[in-house]
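Peer 1: Sequence and predicted structure below; questions after.
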Amino acid sequence: MRSTTDSRAATWRNWAGNVTAAPQRTVSPSTTEALAEVVRRAAADGLRVKAAGTGHSFTAAAITDGVLIRPDRLTGIRAVDRTAGTVTVAAGTPLKDLNTALAARGLSLTNMGDIMEQTVSGAVSTGTHGTGRDSASVAAQIKGLELVLADGSVLRCSADGSEEERAVFAAARVGLGALGIVTEITFAVEPEFLLTAREEPMPFDRVVDEFDQLVAENEHFEFYWFPHTDSCNTKRNNRSAGPAAPLSRVRGWVDDELLSNGVFRTACALGKAVPATVPGIARISSRALSARSYTDIPYKVFTSPRRVRFVEMEYAVPRAALVPALRELKALVERSDFRVSFPVEVRTAPADDIPLSTASGRETAYVAVHLYRGTPHEAYFSAVERIMTAHAGRPHWGKLHSRDAEYLAGVYSRFGEFTALRDRLDPDRVFGNDYLRRVLGD
């Protein structure tokens, strides 16, 4: 049985459709050993190698004109250690499959992002996060990694290994695909628990005035501000002793499918065609979702379907800078001609110890801006970026931004540690591409 499948004429596109790749060959290995051989062969042929998952990044982080590795055959749970509280999973496993497999075993991740279409390796490599007062990003829950390095060797690393293994582990949890190709991840997990979600509208001024209190009082707090309005929708998720009280099938369909996806897609299309309608649509949208509360297992609370396609930019700013930055953003929209059909999403994370995590070494707040796919976004995103960089913002690695290595070295205290490790592991840039050259330097 062949352990790889090859194609020589495959064009790859990301989810948003704003990035494409035309590699010389596309390979789908089914084992770590087969993937290692692909890397050795590519290096011998003078070709660069990148791995691309489900394409939920908006940047060209996974692009190559050499060998593109698709991990769709590198999937599934490989080991469960209930004593250690860990699960080891193949890198190409979609988060949605991991979540359902964990739930079937009565287990769960502690925290997760708001979508689960990504592969586990793609999610951690770009720093995917949710929101949390005490619990951090998906990458911060990693206990061990297996990587194929540029010479085709396989390295297993953790915080308990040799000095070099510890250094690789520290950095590769958010590795941007620059240090090696992740083939296996060991996550910390815990017995499945229940979360009670409380969602309700709240005026913008009240949310920002009470922001610190809302974060302090809730395990997971986030909110969405609707541009062109003074309205927000807030969400508080906290652990519950139960019993479970899921959303009714009808309420879930109305809120999450009809309003958040079906009607919203129509509204976005109208706003794209007739921009003058956007403020009015925003006022209607901000009133469409009423308060609701429900209790369910974690992934059914943390995540929700996202069927309306968009482009996105997200910045991580120091927690203390969130309110002034957000007020500046609101003033920008009010005084400009921008027509913003998507709500602005705000989340938080505690400081972590991962060199290129957007929360590395500092309490963090995230501000994410979106526009409907096909809508000109450059001017709006650039204006927002100027606000965020004035507050030492760090761009999400998988979302649109214009920052380069010079800027990023100034906002990441451990940037040089990461690039030095890259120089040791991949001096010939087998895993390089134009995006990495811009954000990490050459």
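Peer 2: It's in.
Peer 1: give me the number of residues near A42?
Peer 2: Applying other CB atoms under 10 Å, we find 22 residues neighbouring A42. For the C-beta atoms, the positions are set from N, CA and C on the backbone; glycine is no exception.
Peer 1: I figured it hits R48, correct?
Peer 2: Yes: proximity of A42 to R48 meets the contact threshold set by CB atoms under 8 Å, at 7.2 Å.
Peer 1: who's in contact with N99?
Peer 2: 108-109, 112, 116, 298-299, 303 (CB atoms under 8 Å, 6 or more residues apart in numbering).
Peer 1: mind giving me TSV with these and columns for secondary structure?
Peer 2: Listed next are the contacts of N99 as TSV, based on DSSP: H, G, I helix; E, B strand; the rest coil:
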residue	secondary structure
S108	strand
L109	coil
M112	coil
M116	coil
P298	helix
Y299	helix
T303	coil
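Peer 1: Distance check, the residue nearest to E117 when sequence neighbours are not counted against D134.
Peer 2: Spatial nearest neighbour of E117, chain neighbours left out: T54 (5.4 Å); criterion: CB to CB, 6 or more residues apart in numbering. According to CB to CB, to the nearest Å, T54 stands 29 Å off from D134.
Peer 1: So those two - more neighbours on which side?
Peer 2: T54 (19 against 10).
Peer 1: surely that one meets W15?
Peer 2: Yes: contact criterion CB under 8 Å: T54 and W15 qualify, at 6.7 Å.
Peer 1: Quickly list what's touching both of those two.
Peer 2: Contacts common to T54 and W15, judged by CB under 8 Å, 6+ apart, are E117.
Peer 1: what about T266, how many neighbours?
Peer 2: 12.
Peer 1: which phi and psi does it have?
Peer 2: Backbone torsions for T266, taken as degrees, to the nearest 10, come to phi -60, psi -40.
Peer 1: show me what contacts the residue lying closest to F415 once chain neighbours are set aside?
Peer 2: Spatial nearest neighbour of F415, excluding adjacent residues (CB to CB, 6+ apart): A409 at 4.4 Å. By CB under 8 Å, 6+ apart, the contact set of A409 is 415-416, 441.
Peer 1: Secondary structure element for A409, which one?
Peer 2: helix 405-411 (DSSP states H and E).
Peer 1: next helix or strand past that helix?
Peer 2: On the C-terminal side of helix 405-411, the closest following helix or strand by DSSP H and E is helix 415-425.
Peer 1: gap between that following helix and the chain center?
Peer 2: 23 Å (CA atoms, centre = their mean, to the nearest Å).
Peer 1: Which helix or strand lies directly C-terminal to that helix?
Peer 2: helix 434-440.
Peer 1: Extract the CA atoms of that following helix and return them as PDB.
Peer 2: Written as PDB, here are the backbone C-alpha positions of helix 434-440 (Å, rounded to 0.1, in the frame of the first residue of the first chain):
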ATOM      1  CA  ASP A 434       7.800  34.900   0.900                       C
ATOM      2  CA  TYR A 435       5.500  35.300   3.900                       C
ATOM      3  CA  LEU A 436       8.100  33.900   6.300                       C
ATOM      4  CA  ARG A 437      10.800  36.000   4.700                       C
ATOM      5  CA  ARG A 438       8.700  39.100   5.400                       C
ATOM      6  CA  VAL A 439       7.800  38.300   9.000                       C
ATOM      7  CA  LEU A 440      11.000  36.600  10.200                       C
END
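Peer 1: in it, what counts as buried?
Peer 2: 435-436, 438-440 (16 or more other CB atoms under 10 Å).
Peer 1: swap in stretch 300-318?
Peer 2: Result for stretch 300-318 [16+ other CB under 10 Å]: buried residues 300-304, 306, 308, 310-318.
Peer 1: same question, stretch 420-430
Peer 2: 421-422, 425-426, 429-430.
Peer 1: And for stretch 398-414?
Peer 2: For stretch 398-414, by 16+ other CB under 10 Å, it's 398-401, 403, 405, 407-408, 411-412, 414.
Peer 1: could you dump these to CSV with pLDDT and distance to H377?
Peer 2: As requested, the buried residues of stretch 398-414 are exported to CSV (pLDDT from 0 to 100; distance: CB to CB, whole Å):
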residue, pLDDT, distance to H377
G398, 97, 16
K399, 98, 11
L400, 98, 8
H401, 98, 12
R403, 98, 16
A405, 98, 24
Y407, 98, 20
L408, 98, 22
V411, 98, 23
Y412, 98, 25
R414, 98, 31
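Peer 1: Can you pick out the most distant pair from those?
Peer 2: L400 and R414 (23.9 Å; CB to CB).
Peer 1: I387 in helix, strand or coil?
Peer 2: helix.
Peer 1: Please report the distance of A276 from L147.
Peer 2: A276 is 51 Å from L147, by CB to CB.
Peer 1: Those two: which is more packed in?
Peer 2: Counted by other CB under 10 Å, A276 and L147 do not tie: L147 has more neighbours, with 25 against 8.
Peer 1: what separates the helix or strand harbouring that one from the chain centre, distance-wise?
Peer 2: Applying DSSP H and E as the criterion places L147 in strand 142-148. Its chain's C-alpha centre and that of strand 142-148 lie 18 Å apart, by CA atoms, centre = their mean.
Peer 1: That one vs helix 415-425, what angle?
Peer 2: If you take axes from the mean of the first three to the mean of the last three CA atoms, to 10 degrees, strand 142-148 sits at 40 degrees to helix 415-425.
Peer 1: right, and the helix or strand after strand 142-148?
Peer 2: Immediately after strand 142-148, counting by DSSP H and E, sits strand 154-158.
Peer 1: Give me the sheet partners of that next one and which way each runs.
Peer 2: If you go by DSSP bridges, strand 154-158 pairs up with strand 142-148 (antiparallel).
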